[in-house]
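In: With the sequence up front, the predicted model follows.
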Amino acid sequence: MVKVAILGASGGVGQPLSLLLKLSPYVSELALYDIRAAEGIGKDLSHINTNSDCVGYDKDSIESTLRNAQVVLIPAGVPRKPGLTRDDLFKMNAGIVKSLVTAVGNFAPNARILVISNPVNSLVPIAAETLKKMGKFKPGNVMGVTNLDLVRAETFLVDYLVLKDPKIGQQEDKTTMHRKVTVIGGHSGETIVPIITDKSLLFQLDKQYEQFIHRVQFGGDEIVKAKQGAGSATLSMAYAGAKFAEEILRSFHGEEPETESLSAFAYLPGLKNGKKAQQLIGDNSLEYFSLPIVLKNGTIVSIDTSILERLSPREEQLVGTAVRELRKNIERGKSFILGSS
Ligand code: NAI
């Protein structure tokens, strides 16, 4: 039986995410928390006749929300608006994540923490450093949710391949095409690195390849623009977040992952780097990077760096750019905690 808590449950991401997790057969108890309206949302969802109990808590009840939670998802914070980058959100969201993760450290120290709030590249280091300071950090339990980038890459890859060969669009099941791409790196702009695992597709994509890369890296902007000031991705994020959480929950039940190449932005030290991994991500001096993860009992037990051994020269270049930007993003998060008392 797994208790899942969602912190920021009343928001644009939080509400559909709560709904999707209320439908999950792997959840026995769903605890919803926000500084506004979570009690009502919890009551609403509690009428759904799935197996889990659902309770919404008020802003003073973080302890009850977190008590015995094994998985905690954090979509609390401010989303992007036109003209705002994910990095601009840093100042607003860093303090929110720090205080919520402190509560997790106090009331659910063994929970797996899934950080959705942006900027993920800086907030995951904030979560980790907060727990380190408390003496409660377990590297495999802290994950930045980058799964939306993979969901987008899979969708966009099919879009571009259909332009070349309309027959692909008529296929009933597109999952075989989806398996030909994965995404590594971080979760903002040029730190997002799509990797085409079937290199023959590079020839098929031809001139569209660069457009594909750009669209995966900046796909979030399409939504911010189309929503005209009303926020960023919410429904697609809820889908991607719920899929990711479901893999964690499957792993609690000893089940094999459904998604191949499931990645998370995670803490690297201790992982066994291959030769290329050392060269590209710098022999552990880069502390966080999104790579395919291996889960056991909902915890990351190892990170699969083999994909780094099979990059094209263009992909190596993209990884290089991502690493340079990530170093700055990670440092910013770390110094927010280490610089504060
Ligand atoms: P929203 O503004 O609709 O919802 C945020 C919620 O957080 C609100 O209900 C607010 O009351 C709550 N909140 C604020 N401070 C809180 C605190 N201290 N404790 C508990 N709850 C608190 O924003 P939206 O659209 O739901 O986005 C949430 C976050 O998710 C943003 O940071 C956004 O950038 C990020 N995001 C991440 C994605 C990813 O791929 N990782 C994709 C899309 C959004």
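Out: All right, it came through fine. Residues are numbered from 1 along each chain as shown.
In: now the helices for this protein?
Out: Using DSSP state H, the helices of the chain run over 14-22, 38-46, 62-66, 90-107, 120-134, 147-164, 167-170, 175-178, 200-205, 208-226, 235-252, 275-281, 313-338.
In: mind listing what's buried in the longest one?
Out: Spelled out, that is helix 313-338. Neighbour counts using 16 or more other CB atoms under 10 Å place 315, 318-319, 322-323, 325-327, 329-330, 332-334, 336-337 of helix 313-338 among the buried residues. Every residue, glycine included, has its C-beta placed from N, CA and C.
In: Quick check: mean pLDDT of that helix?
Out: Averaged across helix 313-338, the pLDDT comes to 95.
In: okay, the angle between it and helix 90-107?
Out: 70 degrees (axes from the mean of the first three to the mean of the last three CA atoms, to 10 degrees).
In: so who does residue 287 touch?
Out: For residue 287, the contacting residues are 125, 267-269, 330, by CB atoms under 8 Å, 6 or more residues apart in numbering.
In: most remote residue from this protein's center?
Out: Computed with CA atoms, centre = their mean, the residue of the chain farthest from its C-alpha average is residue 167, at 32.4 Å.
In: Give me the distance between that one and residue 158.
Out: Distance, residue 167 to residue 158, by CB to CB, to the nearest Å: 12 Å.
In: So which residues on the stretch 201-341 of the chain come close to the ligand?
Out: Taking CB under 6 Å from any ligand atom as the contact definition, the stretch 201-341 of the chain meets the ligand at 231-234, 237.
In: swap the cut-off to 8 Å and go again
Out: 220, 231-234, 236-237, 240-241 (CB under 8 Å from any ligand atom).
In: Please pick the buried ones from the residues you listed.
Out: Of these, these count as buried by 16+ other CB under 10 Å: 220, 231-234, 236-237, 240-241.
In: Read off the pLDDT value for the residue of the chain found nearest the ligand.
Out: Nearest residue of the chain to the ligand: residue 11, at 2.0 Å (CB to the nearest ligand atom). pLDDT recorded at residue 11 is 97.
In: Is it correct that it is in contact with residue 75?
Out: Yes. Between residue 11 and residue 75 there is a contact under CB atoms under 8 Å: 6.0 Å.
In: Which pLDDT value does the model give residue 284?
Out: In this model, residue 284 carries a pLDDT of 52.
In: Please name whichever of the contacts of residue 287 scores lowest on pLDDT.
Out: Among the contacts of residue 287, residue 269 has the weakest pLDDT, 79.
In: top strand in the protein by residue count?
Out: strand 288-296 (DSSP state E).
In: Just the angle for that one relative to helix 235-252, thanks.
Out: 40 degrees.
In: which other helices and strands contact strand 288-296?
Out: helix 120-134, strand 142-144, strand 181-185, helix 235-252, strand 263-267, strand 299-303, helix 313-338 (3 or more CB pairs under 8 Å, 6 or more residues apart in numbering; DSSP states H and E).
In: make it 7 Å
Out: Of the remaining helices and strands, those touching strand 288-296 by 3 or more CB pairs under 7 Å, 6 or more residues apart in numbering; DSSP states H and E are strand 181-185, helix 235-252, strand 263-267, strand 299-303.
In: any idea which of those scores lowest on pLDDT?
Out: strand 299-303 (a mean of 91).
In: What is that strand packed up against?
Out: strand 263-267, strand 288-296.
In: phi, psi of the residue nearest in space to the middle of the chain?
Out: Residue closest to the mean C-alpha point of the chain, counted by CA atoms, centre = their mean, is residue 145 at 0.9 Å. Here is the backbone geometry of residue 145 (degrees, to the nearest 10): phi -90, psi 110.
In: Ok, residue 188 next?
Out: According to degrees, to the nearest 10, residue 188 has phi -170, psi 130.
In: what's the burial count for it?
Out: Using other CB atoms under 10 Å, residue 188 has 26 neighbouring residues.
In: does it really touch residue 122, like I thought?
Out: No. Under the criterion of CB atoms under 7 Å, residue 188 makes no contact with residue 122, lying 9.2 Å away.
In: sorry, back to before: among the buried residues of helix 313-338, which one lies nearest to residue 111?
Out: If you rank those by distance to residue 111 using CB to CB, residue 337 comes first, at 19.0 Å.
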